[in-house]
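Engineer: Predicted model, plus sequence, below.
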Amino acid sequence: GGGGAVHCPRCQGFFDPVDGGDVLRQVSVGCGGGVVGCSTTMDKIVAKEIFASAGLKQAPYVAFTSEDLDKGIEEKIAGSLKFPIFIKPANMGSSVGITKVASPEGLRPALKLAARYDTRIVAEEGIDARELETGVMGNNTLVSSAVGEIIPDAEFYDYDAKYNNAQSQTLVPADITEAQSEEIKRAARTAYSACGCCGFARVDFLMDRNTQEIYINEINAIPGDFLIRFMTSHPRDATEKLFKTMAECEKCAHHIHLPVQSGSDRILKRMNRHYDRAKYLDEIATARRYMPDLVITTDIIVGFPDETEEDFADTLSLCEEVRFDAMFTFIYSKRVGTPAATMPDPYTRQDKQVHFDQLMELSNRISGEKHKEYEGKTVRVLVDGETGKEEYNLSSRTNGGRLVHLHGDKSLIGQFIDVKITNSNTWALYGEIAE
């Protein structure tokens, strides 16, 4: 297709958390930008040469072409590497065409299989190892994810184990020492920079089960047009470093969900939120300084135990000041076993409903005003589905996650297109395909 938002369940800790306490929740994988980065990391031979020049430890290997299959390459492989040996096409992903060879007799069929997919082939010495991975994001300022471990329900993590075997797992964080984790993250950033990556990438490693030595395996790259999005970040983890990284990453959507819960310092303290109104507003100002077009959404709880009129007024004033693009609002409900469940609360459900309705009215007004500002503008959207309606039969999302309805052929689903916004309401934008 023409692109899309990339979600990879096996990389659930890709940015959760990143160095420095920043918590990036949405999961994605690949090399997010740059012709050089995508081309070098997709070719295993080129990548290995770059890893070597960067001083990164990797398993012994032999690189050759399919023309060498009739020139005694099997003898060279068997004489240079210890079994088991992995035979890999240089330019295939998802473990397609890879064979784990246990003895010299298995080399010929493995080589023929690899040659079906690529003329360039790699023979790599097998290591009895744990498979580990980490993510790197950024262009100038690089941040790393928590290290995860692949637990394949197979002899190795082949195509079937990745996509067809539900018993294979990715554990995040991996059960390794802090020193091992830091070594992997440093090596990942070194590889990322050496290969000319930008945006983001997932870097795979092997850890020898006997010696605990760490070897770089490969960088996973996907060329193409796509976005990564966050699900949420706790305000206590939202730092300038996070916003700067978002701004620098060309594949990162300019949208963040930053739950404030209340605009009252007294209620925030009772909620044990570990930030106050001033800190939250400072984070919003910092984020918008790096990304003036940032779409900000939030969660708000109305009627937390003993929330007064003054407390609620603080929440309304904060919402007016920030002007959230959307608010997810809730009336407090008691949860047995939590400290809040035993707090005195003189206010009735009816009292709280009045406040909730006031907040919803404010939220809808601000959202409608923000949507009105889009009318007449042309925006880039990702078409993501059908609406089931005749006039506006397709739905799409802007970079900031705003819903846009339009009319067009369903073949556009999965593609990025430009849409001129012609109308709007509180909940959505409406437009036509730009000429």
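Structural biologist: Arrived safely, thanks for sending. Numbering: from 1, shown residues only.

Engineer: okay, CA-based contacts and neighbour counts for the rest of this
Structural biologist: Will do.

Engineer: Tell me which strands the helix or strand hosting residue 100 pairs with, and in which orientation.
Structural biologist: For residue 100, the host element (DSSP states H and E) is strand 99-101. When pairs are called by DSSP bridges, strand 99-101 turns out to pair with strand 85-89 (antiparallel).

Engineer: how far out from the middle of the chain is the partner strand?
Structural biologist: A distance of 29 Å separates the centroid of the chain from that of strand 85-89, by CA atoms, centre = their mean, to the nearest Å.

Engineer: And the pLDDT for the nearest residue to residue 152 once chain neighbours are set aside?
Structural biologist: Nearest non-adjacent residue to residue 152, counting by CA to CA, 6 or more residues apart in numbering: residue 168, 4.4 Å away. pLDDT, residue 168: 84.

Engineer: about what we covered before: quick one: residues in contact with the strand holding residue 100.
Structural biologist: Strand 99-101 is contacted by residues 83-88, 107, 110 when judged by CA atoms under 8 Å, 6 or more residues apart in numbering.

Engineer: Residue 426: which of the residues you listed is nearest?
Structural biologist: Nearest to residue 426, judged by CA to CA, of the contacts of strand 99-101 is residue 88 at 53.4 Å.

Engineer: And for the residue nearest to the closest one when sequence neighbours are not counted, the neighbour number?
Structural biologist: Sequence neighbours aside, residue 98 is the residue nearest to residue 88 in space, at 4.7 Å (criterion: CA to CA, 6+ apart). The tally of other residues near residue 98 (other CA atoms under 10 Å) stands at 23.

Engineer: And the one 10 residues further on, by the same measure?
Structural biologist: Neighbours of residue 108 under the rule other CA under 10 Å: 13.

Engineer: And it, how close does it get to residue 120?
Structural biologist: Residue 108 sits 15 Å away from residue 120, going by CA to CA, to the nearest Å.

Engineer: go on, residue 213?
Structural biologist: 28 Å.

Engineer: ok, the two, which is more surrounded?
Structural biologist: Neighbours per residue (other CA under 10 Å) separate residue 213 from residue 120, with residue 120 holding more: 20 against 12.

Engineer: Show the model's pLDDT score for that one.
Structural biologist: According to the prediction, residue 120 has pLDDT 94.

Engineer: Skip the chain neighbours and tell me the closest residue to it.
Structural biologist: Excluding the flanking residues, the one nearest residue 120 by CA to CA, 6+ apart is residue 65, at 4.4 Å.

Engineer: and what of residue 420?
Structural biologist: residue 378 (4.1 Å).

Engineer: Now do the contacts for that neighbour.
Structural biologist: By CA under 8 Å, 6+ apart, the contact list for residue 378 reads 418-421, 434.

Engineer: Give me the subset of those lying in strands.
Structural biologist: Applying DSSP state E to the contacts of residue 378, the entries found in strands are 418-421.

Engineer: Just put those residues in CSV and tack on neighbour count, distance to residue 148 and pLDDT.
Structural biologist: Formatted as CSV, the ones in strands among the contacts of residue 378 follow (neighbours: other CA atoms under 10 Å; distance: CA to CA, whole Å; pLDDT from 0 to 100):
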residue, neighbour count, distance to residue 148, pLDDT
418, 16, 38, 96
419, 23, 39, 97
420, 20, 42, 97
421, 24, 42, 97
